[in-house]
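sequence unknown, structure follows:
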């Protein structure tokens, strides 16, 4: 059974004539005990309230901690995903660049080959043109020489006549 300050205040002691208690001292002592008990009960109630508040705060902090852990975990996963995606994009970009460079080199080689073929064709045309020009010059010389011979021959005949 719990004793309350009211129980202490209302407690009655039977009086005895032989070796009895001084009633005023007993009541004075009971009053002191009652006040002390009230103080203790108030302190206890206050401590319980503080404990409840502390437990409530603890639950809030635990909830915040769980949220923070989830947030950190999510952030780490996102960072890993971003890093992975960046690596993949870099690999794709590198491959695309290598393919583009290979295509450019292939195109350049093909153009060089075409230019070389055109140079060979132009050299052949030049050689053919030189040969034709020489033939024309030779033919012209022959014709001029023949004309000179004929002209001289005609002049001789005219003089002979």
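Perfect, I can see it now. The structure displayed is predicted, hence computed values, not measured ones.

for whichever strand or helix holds residue 105, the distance to its chain's centre please.
Residue 105 belongs to helix 23-160 when assigned by DSSP states H and E. On the basis of Cα atoms, centre = their mean, to the nearest Å, helix 23-160 sits 12 Å off its chain's mean C-alpha point.

Residue numbering should commence at 31 henceforth.
Got it, first residue is 31 now, which makes that one helix 53-190.

low-scoring stretches of this protein, by residue?
Within the chain, the segments meeting pLDDT under 70 span 31, 44-50, 191.

Closest to the centroid, which residue in it?
By Cα atoms, centre = their mean, the chain has its centre lying nearest to residue 112, at 4.2 Å.

same for the helix holding residue 135, what does it pack against?
Judged by 3 or more Cβ pairs under 8 Å, 6 or more residues apart in numbering; DSSP states H and E, helix 53-190 is in contact with helix 35-40. Every residue, glycine included, has its C-beta placed from N, CA and C.

check contacts around residue 65.
By Cβ atoms under 8 Å, 6 or more residues apart in numbering, the contact set of residue 65 is residue 35.

repeat that with 6 Å
Contact analysis of residue 65 by Cβ atoms under 6 Å, 6 or more residues apart in numbering lists nothing.

ok, now how distant is residue 64 from residue 35?
Plainly put, residue 64 is 4 Å away from residue 35 if you go by Cβ to Cβ, to the nearest Å.

what do you get for residue 118?
Distance, residue 118 to residue 35, using Cβ to Cβ: 76 Å.

These two: which has the busier surroundings?
Applying other Cβ atoms under 10 Å to residue 118 and residue 35 shows that residue 35 carries more neighbours, namely 18 against 10.

show me the contacts for the more buried one.
Residue 35 sits next to 64, 67-68 when contact means Cβ under 6 Å, 6+ apart.
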